[in-house]
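1. 3D model of this:
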Amino acid sequence: MACARELYTRRRFLRKGGTSLLATLCAPAAVVRGQPAEQVDVRAGEAPTPVLGSDGRTHLAYELQVTSHGGDLRLERVRMFDGRDLLLTYGPDELERRIMRPELPRDVRYGRLIRREPAAVLSIWLTVPDGISPPKSLRHELYGATGTAPIGEMDVTIRKAEPLVLGPPFHQGLWLAHNGPGDHRAAHWGSMLVHGRDITVPQRYAIDFLGLDRNGRGIRGALKGSTNADWLGFGVDVVAVADSLVREARDGIGDNPPFFEPPPPRTVELSDAGGNYVVLDLGRNRFVHYAHLQQGSVTVRAGQRVRRGQVLGRMGNSGNTNGAHLHFNVVNRRRLEEAEGLPYVFDAFVVRGTTTTDSAFGDAAPISPDRSQSLRRALPLNGSIVEFPPDRD
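-> Residues are numbered from 1 along each chain as shown. Take a look at the predicted model:
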């Protein structure tokens with residue numbers, strides 16, 4: 001499916017400067033239940049899959065696409081129900097932060113104003129209440145500024161399938177999950193591809209892994225004037241997360257110096273934005289992306305079979321990025337322009353706490369051992385510090 005419009009928005013990898021890999025996102029329409037035709041049209045993207053997060057709780061990530069049938073209006077409230085039980089309400093402030101119009105520049109795209117065209121996209125992150133099972137479906141009610149009746153309603157079915165279970169992407173190290181799941185305004189989930197009236201979200205669950213030391217620092221010495229070798233993760237082996245086929249691999253692209261500002265990529269595809277990269281084909285329309293690998297480090301070629309734990313290359317700083325990290329993502333199609341991001345979990349890791357890039361590359365606080373928690377079949381959420389145990393597969 002070809003995109004009617006492609007969006008490339010420069011984003012800050014760290015607040016202190018730079019840009020990194022970015023894509024843009026869309027999804028098939030769903031049936032609107034009981035929607036007043038003269039008010040708003042509500043469409044749903046990919047049905048969400050319950051995923052255990054690194055906080056030990058179950059989460060659902062999905063989007064609603066909203067357009068107005070009349071004049072401009074502002075949403076005041078969105079409520080989400082499991083049957084009759086109210087699970088979550090977004091009020092004006094939360095909607096202001098969560099509703100976006102993907103075609104606008106990043107600094108003005110957010111806000112709860114709904115127009116006839118183009119559609120506004122509401123990103124929803126629902127944490128399942130403790131002690132209950134994930135719902136089978138969710139009912140949504142959308143409210144405007146006047147009246148007590150909803151101006152739009154939507155039912156979203158929850159997928160029954162389990163998320164994809166993967167092995168660790170590293171043999172060693174401590175890692176910060178940056179731009180990760182749970183942050184709807186991060187460059188991954190917050191970037192979208194527009195296909196006419198629909199959107200796709202190929203990076204909904206993508207993570208930028210940054211290396212840390214035992215004190216939670218991401219760099220040796222001062223950030224200003226640093227080289228790639230000063231960044232903790234640079235040059236660390238990255239490995240296959242499953243037995244698979246190498247669908248694509250590229251080497252030979254030079255590593256950028258830290259905080260280099262590359263030009264916007266021509267497309268969102270790895271061939272334009274990923275620098276040195278590897279794509280693994282796990283079968284059944286499941287593809288794993290490793291991007292920004294170190295020049296000269298890629299050890300595999302297209303068509304080669306690899307085993308879980310086999311070295312694919314080393315973490316680098318190539319392509320549309322400004323700092324050494326591994327961009328890791330799972331999608332359902334080979335081409336990003338046509339793909340949806342798939343949920344996945346790692347079969348085991350230890351959570352060592354949480355941090356931010358400002359802390360990791362500034363005045364990091366030592367990591368407290370008593371905050372550690374071992375998890376199985378979970379997904380690192382944005383800001384989590386994780387360590388993968390030795391792989392015994």
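
2. only C-alpha atoms for contact and neighbour calcs from this point on.
-> Noted.

3. List the residues that contact the residue nearest to Arg101 when sequence neighbours are not counted.
-> Spatial nearest neighbour of Arg101, chain neighbours left out: Ala120 (4.7 Å); criterion: C-alpha to C-alpha, 6 or more residues apart in numbering. Ala120 makes contacts with 65-67, 99-102, 113-114, as judged by C-alpha atoms under 8 Å, 6 or more residues apart in numbering.

4. Restricted to strands, list those.
-> With strands taken from DSSP state E, the overlap with the contacts of Ala120 comprises 65-67, 99-100, 113-114.

5. Report the two of these separated the most.
-> Gln65 and Leu113 (12.6 Å; C-alpha to C-alpha).

6. The two: which has the busier surroundings?
-> In this view Gln65 and Leu113 are compared by other C-alpha atoms under 10 Å, and Gln65 has more residues nearby, 25 against 18.

7. mind listing what that one touches?
-> With contacts taken as C-alpha under 8 Å, 6+ apart, Gln65 has the following neighbours: 42-45, 119-122, 198.

8. got the phi/psi numbers for the closest residue to Val350 other than its chain neighbours?
-> The spatially closest residue to Val350, leaving aside those adjacent along the chain, is Ser374, at 4.3 Å (C-alpha to C-alpha, 6+ apart). As for Ser374, its main-chain torsions (degrees, to the nearest 10) stand at phi -90, psi 130.

9. same deal with Leu270?
-> Phi and psi for Leu270, reported as degrees, to the nearest 10, are phi -60, psi -30.

10. what about it, how many residues close to it?
-> By other C-alpha under 10 Å, the residues close to Leu270 number 26.

11. Please apply the same query to Asp272.
-> Other residues near Asp272 number 13, with proximity taken as other C-alpha under 10 Å.

12. Wait, it touches Arg266, no?
-> Yes. In this structure, Asp272 sits in contact with Arg266. The criterion is C-alpha atoms under 8 Å, and the distance is 6.2 Å.

13. how far away is Gln310 from Val194?
-> For Gln310, the distance to Val194 under the criterion C-alpha to C-alpha, to the nearest Å works out to 36 Å.

14. More neighbours: which of the two?
-> Val194 (25 against 19).

15. what's across from that one in the sheet?
-> Applying DSSP bridges to Val194 gives these bridge partners: Arg5, Ile199.

16. Give the helix, strand or coil label for Lys160.
-> coil (DSSP: H, G, I helix; E, B strand; the rest coil).

17. no, scratch that, I was asking about Arg97
-> When states are read from three-state DSSP, the local structure at Arg97 comes out as helix.

18. And the helices in this structure?
-> In the chain, the segments counted as helices under DSSP state H are 92-98, 270-273, 357-360.

19. Quick one: the ones you listed as CSV, columns for mean pLDDT too.
-> Converted to CSV, the helices of the chain look like this (pLDDT from 0 to 100):
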stretch, mean pLDDT
helix 92-98, 96
helix 270-273, 95
helix 357-360, 92
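
20. highest average neighbour count across these?
-> Comparing the helices of the chain by mean neighbour count (mean count of other C-alpha atoms under 10 Å), helix 270-273 comes out on top with a mean of 20.

21. Report the contact partners of Ser185.
-> To be clear, residue 185 is Arg; Ser isn't right here. Counting by C-alpha under 8 Å, 6+ apart, Arg185 touches Arg98.

22. Can you give me the distance of it to Asn276?
-> Computed with C-alpha to C-alpha, the distance linking Arg185 and Asn276 is 26 Å.

23. Ok, Asn215 next?
-> Distance, Asn215 to Asn276, using C-alpha to C-alpha: 30 Å.

24. Which of these two has more residues huddled nearby?
-> Asn276 (30 against 12).

25. Report the beta-bridge partner residues of that one.
-> Residues found in beta-bridge contact with Asn276 (criterion: DSSP bridges) are Leu293.

26. dump the residue contacts of it.
-> By C-alpha under 8 Å, 6+ apart, Asn276 lies in contact with 249-253, 291-295, 298, 318-319.

27. Give me the PyMOL select line for those residues, limited to the buried ones.
-> For anyone working in PyMOL, the buried entries among the contacts of Asn276, judged by 16 or more other C-alpha atoms under 10 Å, can be selected with:
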select buried, resi 249+250+251+253+291+292+293+294+295+298+318+319
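
28. Adding distance to Tyr143 and pLDDT, write the contacts of Asn276 out as JSON lines.
-> As requested, the contacts of Asn276 are arranged in JSON lines below (distance: C-alpha to C-alpha, whole Å; pLDDT from 0 to 100):
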{"residue": "Ala249", "distance to Tyr143": "48", "pLDDT": "98"}
{"residue": "Arg250", "distance to Tyr143": "49", "pLDDT": "98"}
{"residue": "Asp251", "distance to Tyr143": "51", "pLDDT": "98"}
{"residue": "Gly252", "distance to Tyr143": "53", "pLDDT": "98"}
{"residue": "Ile253", "distance to Tyr143": "50", "pLDDT": "97"}
{"residue": "Ala291", "distance to Tyr143": "41", "pLDDT": "98"}
{"residue": "His292", "distance to Tyr143": "43", "pLDDT": "98"}
{"residue": "Leu293", "distance to Tyr143": "47", "pLDDT": "98"}
{"residue": "Gln294", "distance to Tyr143": "50", "pLDDT": "98"}
{"residue": "Gln295", "distance to Tyr143": "52", "pLDDT": "98"}
{"residue": "Val298", "distance to Tyr143": "52", "pLDDT": "98"}
{"residue": "Ser318", "distance to Tyr143": "46", "pLDDT": "98"}
{"residue": "Gly319", "distance to Tyr143": "43", "pLDDT": "97"}
